[in-house]
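Novice: Got a predicted model here, sequence first, then my questions.
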Amino acid sequence: MRYELFWKNKILTRERMRSEAHTVWEFGEQETVDIDDIGDYVDLDEYRYIEGDALKRFKLDPPFVAELRDVTILDGTGDAVTRDGEFVMDVKARAVSSTLDVVKEWARDAVEIPSSDEFDFEVAVSFCGAVRPDGFVNYWGWVHHYLTRLEGVATYRAETGVDPVIILPEGAPRFARESLEFFGFGDLVVEWEPAQRLRVERLIVPSNRFPERMGAEYMLKRVVSPSAARWLRDEANRRLSPYETDTYDKLLISRQDAGVREIENHQEINSLLASLGSNTVVLSELPFEQQVFHFMRAEIVIGLSGAGMVNMIFNKGGLFVIIFGDVLVPSYYYLSACLNNKIKFLKGNSVENQRLSVINRNVVVDEDDLKNILS
């Protein structure tokens with residue numbers, strides 16, 4: 001017990017950071033998100049259901065942005081460690097229990113904290129935590145975990161008049177840089193080689209905008225602060241440039257480029273929806289700004305569960321028809337509840353494929369079922 005307590009004291013949680021940081025700027029108010037029983041929206045007897053957390057009410061304390069002094073960004077993982085050897089939770093999206101394992105491994109390797117007066121950056125925001133062993137967080141993780149923290153960066157700039165650099169892993173996907181440019185932070189971006197260790201004199205840490213997870217509460221990281229989503233949506237609406245393209249009330253999100261979890265009878269479904277005035281888009285082919293544009297303007301969005309559906313953050317009050325096969329993962333159910341968007345589920349049939357897990361198999365969609373859900 002004392003052993004575990006010792007290691008937990010090496011983690012700077014969100015609440016500890018709020019009270020112990022050198023300077024803290026709070027903004028916004030406490031929020032409560034209530035999640036209705038998913039059984040009110042779908043017949044669970046027809047699905048294999050991946051259970052969410054039992055907790056159906058989530059409280060989010062007022063957001064803040066903190067300034068920490070003399071922080072080291074670790075090579076490889078992008079973790080931030082204070083001068084006292086404490087790991088800063090809110091630079092990444094992992095749970096406390098997972099961070100404990102990283103802390104112990106770091107201690108075993110006897111990593112030293114630099115003691116000189118030399119720093120790589122004077123004032124910086126670290127998005128180095130977006131790096132992963134296999135590359136970079138996916139689009140969901142980027143929008144949900146990182147873009148929602150930009151309000152904190154904007155607050156710091158407004159309060160201090162200082163423009164911190166934003167450290168981004170080298171080779172980050174196009175959507176990362178495009179989105180930062182879109183929201184007006186592109187000029188602040190500097191690249192970080194993940195093999196390099198950095199030292200920051202003043203690290204600016206916007207608090208994460210979802211509940212802090214102690215352990216394996218999977219669905220907690222699917223919850224988002226409603227006010228953070230509103231800020232992103234309002235900023236996006238303010239910055240959108242008009243496109244020389246038609247807008248559509250109905251939008252089908254194609255995953256035909258994904259290689260897994262695609263609509264098996266895509267041509268038939270595409271033709272049906274086109275006859276109903278729908279447009280089909282492949283999100284990976286679109287610049288970030290255009291993805292936002294399509295989601296913001298659509299009244300109905302239809303598609304399989306995938307990372308690109310996180311763009312529902314930019315939609316206000318629309319209907320999202322989420323197609324599932326034989327397994328239902330309620331990620332977007334939780335997210336839509338935070339955003340006050342409407343959601344319906346359409347059951348398809350997973351195509352047998354032993355090489356893929358059930359969740360990643362292609363899905364056959366019944367045309368009549370789709371027409372009925374849209375009527």
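Specialist: Nice, thanks for sending it over. Numbers count the residues shown, from 1 in each chain.
Novice: List the contacts of E367.
Specialist: E367 is in contact with 268-269, 272, counting by C-beta atoms under 8 Å, 6 or more residues apart in numbering. For glycine as for every other residue, the C-beta is placed from the backbone atoms N, C-alpha and C.
Novice: repeat that with 10 Å
Specialist: Neighbour list for E367: 265, 268-269, 271-273 [criterion: C-beta atoms under 10 Å, 6 or more residues apart in numbering].
Novice: Which of those residues fall in helices?
Specialist: Using DSSP state H, the subset of the contacts of E367 located in helices is 268-269, 271-273.
Novice: where does the residue nearest the centre of the chain fall, phi/psi-wise?
Specialist: For the chain, the residue sitting closest to the mean C-alpha position, by C-alpha atoms, centre = their mean, is H144 at 2.0 Å. H144 adopts backbone torsions of phi -70, psi -40, taken as degrees, to the nearest 10.
Novice: swap in F324?
Specialist: Phi and psi for F324, reported as degrees, to the nearest 10, are phi -130, psi 160.
Novice: Tell me if I'm right that it and I343 touch.
Specialist: No: contact between F324 and I343 fails when scored by C-beta atoms under 10 Å: they sit 11.8 Å apart.
Novice: Residues in contact with both of the two, list them for me.
Specialist: Common contacts of F324 and I343 (C-beta under 10 Å, 6+ apart): 42, 330.
Novice: okay, and for the stretch 201-350 of the chain, where does confidence drop off?
Specialist: Low-confidence segments of the stretch 201-350 of the chain, defined by pLDDT under 70: 214-220, 242-248.
Novice: What are the boundaries of the strands in the stretch 51-200 of the chain?
Specialist: Counting by DSSP state E, counting those that start in this stretch, one finds strands in the stretch 51-200 of the chain at the ranges 57-60, 64-73, 80-82, 87-88, 121-126, 131-132, 135-136, 165-169, 189-192, 198-206.
Novice: can you give me how far stretch 132-150 is from the chain middle?
Specialist: Relative to the centre of its chain, stretch 132-150 is centred 5 Å away, using C-alpha atoms, centre = their mean, to the nearest Å.
Novice: Enumerate the positions of it that are buried.
Specialist: Within stretch 132-150, the residues that qualify as buried are 136-150, counting by 16 or more other C-beta atoms under 10 Å.
Novice: same question, stretch 259-271
Specialist: Within stretch 259-271, the residues scored as buried using 16+ other C-beta under 10 Å are 261-266, 269-270.
Novice: Relative to R238, which of those is nearest.
Specialist: Minimum distance to R238 across these is 33.2 Å, recorded for N270 (C-beta to C-beta).
Novice: Correct me if wrong: that closest one contacts L252.
Specialist: Yes: the criterion here is C-beta under 10 Å, and N270 meets it with L252 at 6.6 Å.
Novice: so what's in contact with the two at the same time?
Specialist: In terms of C-beta under 10 Å, 6+ apart, N270 and L252 are both contacted by the residues 263, 278-280.
Novice: can you list the ones in helices among the contacts of E367 in JSON lines and add distance to L286?
Specialist: As requested, the ones in helices among the contacts of E367 are exported to JSON lines (distance: C-beta to C-beta, whole Å):
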{"residue": "E268", "distance to L286": "24"}
{"residue": "I269", "distance to L286": "20"}
{"residue": "S271", "distance to L286": "22"}
{"residue": "L272", "distance to L286": "23"}
{"residue": "L273", "distance to L286": "18"}
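Novice: which among the residues you listed gets closest to S227?
Specialist: Set against S227, the nearest of those by C-beta to C-beta is L273 (33.7 Å).
Novice: Verify the stated contact: the closest one with V281.
Specialist: No: using C-beta under 10 Å, L273 is not in contact with V281; the gap is 11.6 Å.
Novice: quick one, phi/psi of G325?
Specialist: Dihedral angles phi and psi of G325 (degrees, to the nearest 10) take the values phi -90, psi -130.
Novice: what's the span of stretch 117-134, first residue to last?
Specialist: Stretch 117-134 has an end-to-end distance of 34 Å (criterion: C-alpha to C-alpha, to the nearest Å).
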